[in-house]
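Peer 1: sequence plus the predicted model coming up.
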Amino acid sequence: MRDKIGLIDPEIIAIRVLNCLISDSERLGRFLALTGLDPSTIRGAAANPGFLAAIMDHVVGDEGLLVAVASEAELDPREIAAAQARLSPEPDWEP
């Protein structure tokens, strides 16, 4: 679903990205290993508001993964990056 300026809802993009991670055991395994989650705890973690942002941070942080997931999800990598920016909180510190 697109908003008033034509952007897809960032949560919908994140869910599409998560589906791409889940559909590939190697990608899912790497994500679980990095987060400390396991298949039995991922559902509970998904209820956390920061979970979708963490998924997006993970994918955007790896250019190869970003390109592969974008292709699989039929999205432009820039759409995923824009959704990640909209979902991730702003840092609380100033350099």
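Peer 2: Ah, there it is. All values derive from a computational prediction rather than experimental measurement.
Peer 1: contact partners for the residue nearest to Ala70 when sequence neighbours are not counted?
Peer 2: The shortest distance from Ala70 to any non-neighbouring residue, by Cβ to Cβ, 6 or more residues apart in numbering, is to Pro77 (4.3 Å). For every residue, glycine as well, the C-beta is placed using N, CA and C. If you count contacts by Cβ atoms under 8 Å, 6 or more residues apart in numbering, Pro77 has them with 66-67, 70.
Peer 1: ok, Pro39 next?
Peer 2: Going by Cβ under 8 Å, 6+ apart, Pro39 touches Leu32.
Peer 1: before we move on, what SS does it have?
Peer 2: Classification of Pro39 using DSSP: H, G, I helix; E, B strand; the rest coil returns coil.
Peer 1: model confidence for it, exactly?
Peer 2: With respect to pLDDT, Pro39 scores 83.
Peer 1: ok, the one 10 residues further on next?
Peer 2: What the model reports as pLDDT for Pro49 is 75.
Peer 1: from now on call the first residue 226
Peer 2: Taking 226 as the first residue, the last one we looked at is Pro274.
Peer 1: give me the neighbour count for it.
Peer 2: Look at Pro274: counted by other Cβ atoms under 10 Å, it has 8 neighbours.
Peer 1: helix, strand or coil for it?
Peer 2: coil.
Peer 1: can you list contacts of the helix or strand of the chain with the lowest mean pLDDT?
Peer 2: Least confident element among the helices and strands of the chain, by mean pLDDT, DSSP states H and E: helix 267-271 (a mean of 85). With contacts defined as Cβ under 8 Å, 6+ apart, helix 267-271 is touched by 257, 260, 262, 276.
Peer 1: Ala310: which of the residues you listed is nearest?
Peer 2: Distance ranking of the contacts of helix 267-271 against Ala310, using Cβ to Cβ, places Phe276 first at 16.7 Å.
Peer 1: how far away is the residue nearest to the closest one when sequence neighbours are not counted from Glu304?
Peer 2: Nearest residue to Phe276, sequence neighbours excluded (Cβ to Cβ, 6+ apart): Ala270, at 5.2 Å. The gap separating Ala270 from Glu304 is 24 Å, by Cβ to Cβ, to the nearest Å.
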